[in-house]
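model the structure of this input:
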Amino acid sequence: MEKDEVIVQDIINGAKKLMQQYGLKKTTMEDIAKAAGKSKSTLYYYFKDKEEIFDKVINLEIDEFFNAVNTAVNKQTDAISMLKTYVVTKIKTLREKINLYRFAVENDLEGRINQEFTKLRNRYDNEEKKLISSILTKGVETNLFKKEIIQETDVLSELLVSCIRGVEMDIIAHNKNKTLAEKADLLVEMLIKGMGK
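Here you go, the predicted structure:
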């Protein structure tokens, strides 16, 4: 890793902890500099303000989030296990990162940060739709799911992403569905009853 990359990573790591603990509004550039073990001038050399640092934190977190889900899903061998793993990993990973997402939603509902967050979520939604579509296609090809759904994989993928997004918002904004990850079998069973043979 290059020296600049190491410095940026130190800043990101320091900022992430503070933002998760105190939120963006209460976190200052001076706080981040102390947490990262850098001077304020070093922070301003790499980032114009704390909002830009936050954008970087969220970008990296969302990439990490999707990679964790994608890796877990691709370790499974059949479409039903992949679908279950998708739901469980997504909700468990979300719960691990809940403070970061919660403050992003709560602290800036109308501002620039929320716009950036929405843009990132849209990118992530598209990646998720592709992932779910590949699971559904595999399920049809291996005779686990009805052949009829192959014409509707795009619509079904979008619906599933929207359903899980609703669960995510309930967890983030309203602290609901604490035990949903443990009940993923039930959720997947209901889905499979509609699509399975």
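
hmm, who's touching the host helix or strand of residue 194?
Assigned by DSSP states H and E, residue 194 belongs to helix 184-195. Helix 184-195 has contacts (C-beta atoms under 8 Å, 6 or more residues apart in numbering) with 80, 83-84, 87-88, 91, 136, 139, 145-146, 149, 156, 160, 180. Every C-beta, even on glycine, is put in place using the N, C-alpha and C of the backbone.

same list (these) but as CSV, adding distance to residue 167 and pLDDT.
Shown next, in CSV, are the contacts of helix 184-195 (distance: C-beta to C-beta, whole Å; pLDDT from 0 to 100):
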residue, distance to residue 167, pLDDT
80, 19, 89
83, 15, 89
84, 15, 87
87, 9, 85
88, 12, 83
91, 7, 79
136, 19, 92
139, 21, 92
145, 22, 88
146, 25, 87
149, 22, 86
156, 17, 90
160, 11, 87
180, 6, 64
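
relative to residue 125, which of those is nearest.
residue 160 (10.9 Å; C-beta to C-beta).

how about the CA coordinates for the helix holding residue 194, as CSV?
Extracted C-alpha coordinates of helix 184-195, given in CSV (Å, rounded to 0.1, in the frame of the first residue of the first chain):
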residue,chain,number,x,y,z
ALA,A,184,-34.8,-16.1,7.7
ASP,A,185,-35.7,-19.7,7.1
LEU,A,186,-39.3,-18.8,7.4
LEU,A,187,-39.0,-15.9,5.1
VAL,A,188,-37.2,-17.9,2.4
GLU,A,189,-39.7,-20.8,2.8
MET,A,190,-42.5,-18.4,2.0
LEU,A,191,-40.7,-17.1,-1.0
ILE,A,192,-39.9,-20.6,-2.2
LYS,A,193,-43.5,-21.7,-1.9
GLY,A,194,-44.4,-19.2,-4.5
MET,A,195,-41.5,-19.9,-6.9
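
following the chain onward from the helix or strand of the chain with the lowest mean pLDDT, which element is next?
Least confident helix or strand of the chain, by mean pLDDT, DSSP states H and E, is helix 98-107 with a mean of 62. Sequence-wise, the next helix or strand beyond helix 98-107 is helix 112-141, with elements assigned using DSSP H and E.

residues of that following helix that come out buried?
113, 116-117, 120-121, 124-125, 127-129, 131-140 (16 or more other C-beta atoms under 10 Å).

what does stretch 157-174 give?
The neighbour-count criterion (16+ other C-beta under 10 Å) identifies 157, 158, 160, 161, 164, 167, 168, 171, 172 as the buried residues of stretch 157-174.

what do you get for stretch 39-59?
By neighbour count on 16+ other C-beta under 10 Å, the buried set for stretch 39-59 is 43, 47, 50, 53, 54, 55, 56, 57, 58, 59.

what is the helix or strand encompassing the last one packed up against?
With the criterion set as DSSP H and E, the secondary-structure element containing residue 59 is helix 50-74. Contacts of helix 50-74 with other secondary structure elements, assessed using 3 or more C-beta pairs under 8 Å, 6 or more residues apart in numbering; DSSP states H and E, are made with helix 3-22, helix 29-36, helix 79-96, helix 98-107, helix 112-141.
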